[in-house]
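# Provided below are the primary sequence and the corresponding predicted coordinates.
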Amino acid sequence: MTAENTTATPELGADLPLESGLTFGTPVSVPDQFIEAMREGLTATAVHNNVKEAVLTSWGATALHEDYKVHDLEHLLPCRRRARGTMSTAYVGPFAQYATAYADPGAAVFVDAEHMAATAVLDLGTKETPGHTDHRAKLQLTKTAPYAMLLTINGRAQSQQALAEFLEDWGSVAALNFFTPDGEIPMGKALAAIRRITIESLRKVESEEQQLSANRTAFESVKASSQEPIPTTIYYTCKPYADLEARTFVLRLSILTGEKAPSLVLRIQNLEAHVEAMGAELAELVRKAISGAMPVLLGSYSKGG
């Protein structure tokens, strides 16, 4: 007979000694902070996976808890994911150079003729692959000093001295020609006439008495004159914008005699037609500078929601 094994076999579920001193079945107390950290880690992983899947697929959207935010880590990458920003200039040449150098497929230029501006949307994209439209080049022409001053005095009443000094100051920058109904006169005579305007007033009263009625009529005539012939029209020639051709603006001179001293007004004839023509000139300049690299359209562009 074999010797009976006297070693007791532990029963299933019995406590087993561990090196740590703990035994199976012994309850362990885990700190709440540890459990919360595990939950946050699992949630953050799930958020990351959801965002990654939404970006890499065509869904483009995912559900996130309101307490979690998506952080852009582009600033930690060696390079930006895509070009974006706005280049601004007041000259057609640099605008066209930048636009043609950085244009993506589908880029287009929009010319706002009314405001003498243009915008190149360089990442407009195509119908199949629309872009973010946040990479642009902007052109905003700046008025030259002679043109800006002309617009400042247009339609504004001025004294004789103020108008004469304006014409003297800007006569060396803009080309000025003075005309009367009889023809052109020299600038010196025109300025002398403006400085020496005389206002003549004549009052005439007509009276008629009849047996059953009476009638009185008063006429007042005011005349402005000068020792020199007063110009009625002034031709003001200047470049309105740096990249545009020089343009001649016809100014009509009016004299207001209602006050003690006369006031003079210069008004640009057909200003709206000039603005329209300058807008068309700008559009043509941009087309030539772009040289067919992208479409040039009349209008403006704004990104939708």
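Here it is on my side, so go on.

# secondary structure class for the spatially closest residue to Glu281 that is not a sequence neighbour?
Nearest in space to Glu281, with sequence neighbours left out and distances taken as C-beta to C-beta, 6 or more residues apart in numbering, is Leu244 at 5.6 Å. From N, CA and C alone the C-beta is placed, and that goes for glycine too. When classified by DSSP: H, G, I helix; E, B strand; the rest coil, Leu244 comes out as coil.

# need the pLDDT of Leu244.
In this prediction, Leu244 carries a pLDDT score of 96.

# residues contacting it?
Neighbouring residues of Leu244 by C-beta atoms under 8 Å, 6 or more residues apart in numbering: Leu141, Met278, Glu281, Leu282, Leu285.

# next SSE downstream of the lowest-mean-pLDDT helix or strand in the chain?
Sorted by mean pLDDT, DSSP states H and E, the helices and strands of the chain end with strand 214-225, the least confident at a mean of 48. Next helix or strand after strand 214-225 toward the C-terminus (DSSP states H and E): strand 233-238.

# partners of that following strand in the sheet?
Paired strands of strand 233-238, with direction, are strand 175-180 (antiparallel), strand 247-256 (antiparallel) (DSSP bridges).

# can I get those strands in TSV including distance to Lys303 and mean pLDDT?
Shown next, in TSV, are these (distance: least, C-beta to C-beta, whole Å; pLDDT from 0 to 100):
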stretch	distance to Lys303	mean pLDDT
strand 175-180	44	94
strand 247-256	35	93
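
# for these, which one sits closest to Val51?
Val51 lies closest, by C-beta to C-beta, to one member of the strands paired with strand 233-238: strand 247-256, at 56.9 Å.

# what's the angle between the very next helix or strand once past the closest one and strand 233-238?
Next in sequence after strand 247-256, counting helices and strands by DSSP H and E, comes strand 263-268. Strand 263-268 runs at 60 degrees relative to strand 233-238, counting by axes from the mean of the first three to the mean of the last three C-alpha atoms, to 10 degrees.

# could you check the angle the helix or strand immediately after strand 263-268 in the chain makes with strand 263-268?
Following strand 263-268 in sequence order, the next helix or strand is helix 271-290 (DSSP H and E). In terms of direction (the same axes, to 10 degrees), helix 271-290 departs from strand 263-268 by 40 degrees.

# quick one on the thing from earlier: ranking the strands paired with strand 233-238 by burial, who's on top?
strand 175-180 (a mean of 18; mean count of other C-beta atoms under 10 Å).

# just checking, what packs against the following helix or strand past it?
Of the helices and strands lying after strand 175-180 in sequence (DSSP H and E), the nearest is strand 183-185. With contacts taken as 3 or more C-beta pairs under 8 Å, 6 or more residues apart in numbering; DSSP states H and E, strand 183-185 sits against strand 175-180.

# list the contacts of the strand it packs on.
For strand 175-180, contacts defined as C-beta under 8 Å, 6+ apart pick out 167, 170, 184-187, 189-190, 229-238.

# what do you get if the cut-off is 6 Å, keeping everything else the same?
Here strand 175-180 makes contact (C-beta atoms under 6 Å, 6 or more residues apart in numbering) with Ile185, Ala190, Pro229, Pro231, Thr232, Thr233, Ile234, Tyr235, Thr237.

# show the buried residues in those residues.
For those, a burial check counting by 16 or more other C-beta atoms under 10 Å picks out Ile185, Ala190, Pro229, Pro231, Ile234.

# and the second one, how far from Trp170?
This means Ala190. As judged by C-beta to C-beta, to the nearest Å, Ala190 and Trp170 stand 14 Å apart.

# now the contacts of strand 175-180 as TSV including distance to Ser302?
Formatted as TSV, the contacts of strand 175-180 follow (distance: C-beta to C-beta, whole Å):
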residue	distance to Ser302
Ile185	52
Ala190	49
Pro229	54
Pro231	47
Thr232	46
Thr233	43
Ile234	41
Tyr235	40
Thr237	37
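
# pLDDT check: weakest of these?
Within these, pLDDT is lowest for Pro229, at 82.

# name the nearest residue to that one, ignoring sequence neighbours.
Thr180 (4.7 Å).

# summarise which helices and strands the host helix or strand of Met87 is packed against.
Here Met87 sits within strand 85-89, counting by DSSP H and E. Under the contact criterion of 3 or more C-beta pairs under 6 Å, 6 or more residues apart in numbering; DSSP states H and E, strand 85-89 touches strand 135-140.

# just the residues contacting the strand it packs on, thanks.
Strand 135-140 has contacts (C-beta under 6 Å, 6+ apart) with 83-84, 86-88, 95, 98-99, 117-123.
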